[in-house]
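Trainee: Below are the sequence and a predicted model; questions follow.
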Amino acid sequence: MGLTKRDSLCLKGISIIIMMFHHLYCSTNRFADYDVNFEPFTQNQIVNLALYFKICVSIFVFITGYGLYKSICKTEFNKNSITKWGVDRYIKTLSGFWFIYIIAFVVTMIINKYPVEIFFEGSRLRGLTYMAFDFLGLANLFSTPTLCGTWWYMSAAIVFIFCVPLIFKIKERVGYLPIIVVVTALPRVLKVGYPGTVNLFTFMLILIFGMMCAEYNTFEKISEIFKKNKLIYAVSIVVLTVIILASIRLLYVVSYEKAWELQLNFIPILFIILCRYTVVRIPIVNNALEFIGKHSMTIFLTHTFIRYNYLTDLIYNQKSFIVSFFLLLGLAIILAVVIDTFKSLIKFDKLVEKGISTMNKKFFDK
């Protein structure tokens, strides 16, 4: 009835798919050296669609807010318990990243000594400091070099983990509305404008909306309405589709630098609802999306090395933009399956769980 674990995996699968498209075509600079055929569409239409697909981040953040809220509700709200909760979430989130980081570091070092180029243009001490920040997921937060540009999201994920308890506590006192007003007004009061595509503040509202939907059982209520009245369901799907298409069209007139809150925080909720009650319900399709969702973390962390670092010519030289897209998606899935299978064989996740359990017994369970 609500947003189940399987629904979340399917939504992650959708997010990964549109992320691939976004990263391939969101800027003409990315394929300027290649003769990409966009027929039957125009290049401008595909670029604008790819720009709209920046909502892939919004989907991930929404699911993060939804899941973290459900998790923290089960936690006793005192200093020791919340600290334990935050550290546990941090390690669980970063452990998968650390696994990929080590593999990427070793492989790229062997291929072309890429880490040396990224981190050690200056002193050795500075390079080691940059590496430490990157490994801990803090590179974007401190504006230091990173092995992979798309890893900026790790800094956001970390901050979101530690923001949720604060938001949770504040909303118990004043409700969500004042928090939303402050988050919306802050860029205007400070006169900083659009925070940017890799700024965690850009996606703070959608995190809050995820928490709100979890608290107020929004999806359970929508499911009940749709189940009772098929006409409301049909009309709602049509209306949601029209609004989303209109928002994509809006990019032709107003860039999301000017309408970023609409494009990246409000419209994505409608997109999530639409997908939850249409695409996710289609047999076979939902199985495929769930499969991709299970490997979404690894796909996200590794696909840039395929598209940007090592197989750029192979990806963009396919002439048809859609063939390039499916080639990247296919290669990224295969690589992720290989890595995740290896990860499973060495029982990495169980080792992490054991490490967390040992740490908790030593520092928190007293």
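Mentor: Cool, got the structure.

Trainee: what packs against the longest helix along the chain?
Mentor: Using DSSP state H to define each element, the chain has its longest helix at helix 79-112. Applying 3 or more C-beta pairs under 8 Å, 6 or more residues apart in numbering; DSSP states H and E, we find helix 79-112 packed against helix 55-72, helix 114-119, helix 124-135, helix 152-174, helix 296-304, helix 321-345, helix 348-363. Heads up, the C-betas are built off the backbone N, CA and C, glycines and all.

Trainee: Flag every buried residue along the second one.
Mentor: By that I understand helix 114-119. 114, 115, 118, 119 (16 or more other C-beta atoms under 10 Å).

Trainee: The first one too?
Mentor: For helix 55-72, the neighbour count (16+ other C-beta under 10 Å) marks 55-69, 72 as buried.

Trainee: Now flag whichever of these is closest to residue 126.
Mentor: For the buried residues of helix 55-72, the residue nearest residue 126 by C-beta to C-beta is residue 57; the value is 29.8 Å.

Trainee: quick one, what contacts the closest residue to that closest one other than its chain neighbours?
Mentor: Distances taken as C-beta to C-beta, 6 or more residues apart in numbering place residue 203 nearest to residue 57, at 6.0 Å, with adjacent residues excluded. When contacts are counted by C-beta atoms under 8 Å, 6 or more residues apart in numbering, residue 203 touches 57, 58, 61, 156, 264, 265.

Trainee: Residue 86: which of the residues you listed is nearest?
Mentor: Comparing the contacts of residue 203 against residue 86 with C-beta to C-beta places residue 156 closest, at 15.4 Å.

Trainee: Go ahead and confirm the closest one touches residue 61.
Mentor: Yes - distance between residue 156 and residue 61: 7.5 Å, which falls inside the contact criterion (C-beta atoms under 8 Å).

Trainee: list the contacts for residue 244?
Mentor: Residues near residue 244 by C-beta under 8 Å, 6+ apart: 267, 270, 271, 274.

Trainee: Mind telling me what element the first one is part of?
Mentor: The one in question is residue 267. Taking DSSP states H and E as the definition, one finds residue 267 inside helix 267-276.

Trainee: C-terminal to that helix, what's the next element?
Mentor: Next helix or strand after helix 267-276 toward the C-terminus (DSSP H and E): helix 285-294.

Trainee: of all the buried residues of helix 114-119, which two lie farthest apart?
Mentor: Using C-beta to C-beta, those span at most 9.5 Å, a distance reached by 114 and 119.

Trainee: picking that back up, nearest to residue 16, of the contacts of residue 244?
Mentor: Distance to residue 16, by C-beta to C-beta, is smallest for residue 271 among the contacts of residue 244, at 14.6 Å.

Trainee: What sits closest to the closest one if chain neighbours are left out?
Mentor: residue 244 (5.7 Å).
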